[in-house]
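K.L.:
following is a predicted model, sequence given first.
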Amino acid sequence: MEAFKLTSPDEILTALARRIQERRISADLTQKELAARSGVSYSSVRLLETNGKGSLLAAIKLAFALDAEDGFETLFKNKIPRSIEDVVDKPKRKRVRR
């Protein structure tokens, strides 16, 4: 499976849509069968496969239905410190104040 080209959100959506469709086809499921299995509406499955657009909840439900949920574990992970200064005496922020 190819890595996402992180050049734009639209390219990521297109690649994600293709991956969903390929995973569904390899599972030998129709869009309607995937919709029933995942609890996501048929129109949402079509929309996600067509252009990657839809809700995050729908994408997660499809991932579980297609046995692909492990990929979400690395999404938005904390950054690894690059130097000791990134760790020492730096209080952990809980929110941003303006």
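P.N.:
Received, thanks. Residues are numbered from 1 along each chain as shown.
K.L.:
below-threshold pLDDT in the chain: ranges please.
P.N.:
By pLDDT under 70, the low-scoring segments of the chain are 1-6, 89-91, 93.
K.L.:
could you list the buried residues of the top helix by length along it?
P.N.:
Looking across the chain with DSSP state H, the single longest helix is helix 9-26. Buried residues in helix 9-26, defined by neighbour count with 16 or more other Cβ atoms under 10 Å: 13-17, 19-21, 23-24. The C-beta positions use only the backbone N, C-alpha and C, and glycine is treated the same way.
K.L.:
repeat that for stretch 64-79.
P.N.:
65-66, 68.
K.L.:
start to end distance for that stretch?
P.N.:
Start-to-end span of stretch 64-79 (Cα to Cα, to the nearest Å) is 26 Å.
K.L.:
so how far is that stretch off the chain centroid?
P.N.:
Relative to its chain's centre, stretch 64-79 lies at 7 Å (Cα atoms, centre = their mean, to the nearest Å).
K.L.:
need the residues that contact that stretch.
P.N.:
Contact with stretch 64-79 is made by 20, 23-24, 27, 34, 37-38, 40, 60, 63, as judged by Cβ atoms under 8 Å, 6 or more residues apart in numbering.
K.L.:
that older thread, dump the buried residues of stretch 64-79 to TSV, plus secondary structure.
P.N.:
Converted to TSV, the buried residues of stretch 64-79 look like this (DSSP: H, G, I helix; E, B strand; the rest coil):
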residue	secondary structure
A65	helix
L66	coil
A68	coil
